[in-house]
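In: dropping the sequence and predicted coords here.
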Amino acid sequence: MANAIYNAVGRRKESVARVVISPGKGEIIINGKPFKDYICRESLAIVVTQALDLTDQRESYNVSVNVKGGGLSGQAGAIRLGIARALNEVSADFRSPLKAAGFLTRDSREVERKKYGQPGARKKFQFSKR
């Protein structure tokens, strides 16, 4: 188990993240780039590392992520879910804090489709009585 590799998939909005966790020094690589270069907003960088910080495993595991689809916010949420699921495989002790923080729950909200004859999903054209 010392050199085990753990895989998990995280999804959010239209994004899908394939996460691989292996014992290491705490490097996070997203699509071949260091995660600070890929995720440029500080708030999203915090989201990506939340699961690792909660379990105090930030310096213990290298994380390699392949993510596609959606925007940066959806990708950050997908990566967080993938990391949390992989940490759940590492040790059953991590499950209760991750679950209490809501990191193991898939956020199922998707963009509502646009309906024909309307300018958007919910918006209607202005009603004219005469």
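Out: Great, that's in hand. Residues are numbered from 1 along each chain as shown.
In: residues in contact with the residue positioned nearest the centre of the chain?
Out: When Cα atoms, centre = their mean is applied to the chain, the residue found nearest the centroid is A78 (2.1 Å). Contact partners of A78, counting by Cβ atoms under 8 Å, 6 or more residues apart in numbering, are G10, R11, R12, K13, S15, V16, A17, V67, G70. No exception for glycine: its C-beta is placed from N, CA and C like everyone else's.
In: secondary structure class for the first one?
Out: Under the three-state scheme (DSSP: H, G, I helix; E, B strand; the rest coil), G10 adopts strand.
In: follow-up on the earlier one: closest one of the contacts of A78 to G82?
Out: For the contacts of A78, the minimum distance to G82 (Cβ to Cβ) is 3.0 Å, reached by G10.
In: how close does the closest one get to G117?
Out: 36 Å (Cβ to Cβ, to the nearest Å).
In: quick one, which of these two is more surrounded?
Out: Shown here are G10 and G117; by other Cβ atoms under 10 Å, G10 has more neighbours (26 against 7).
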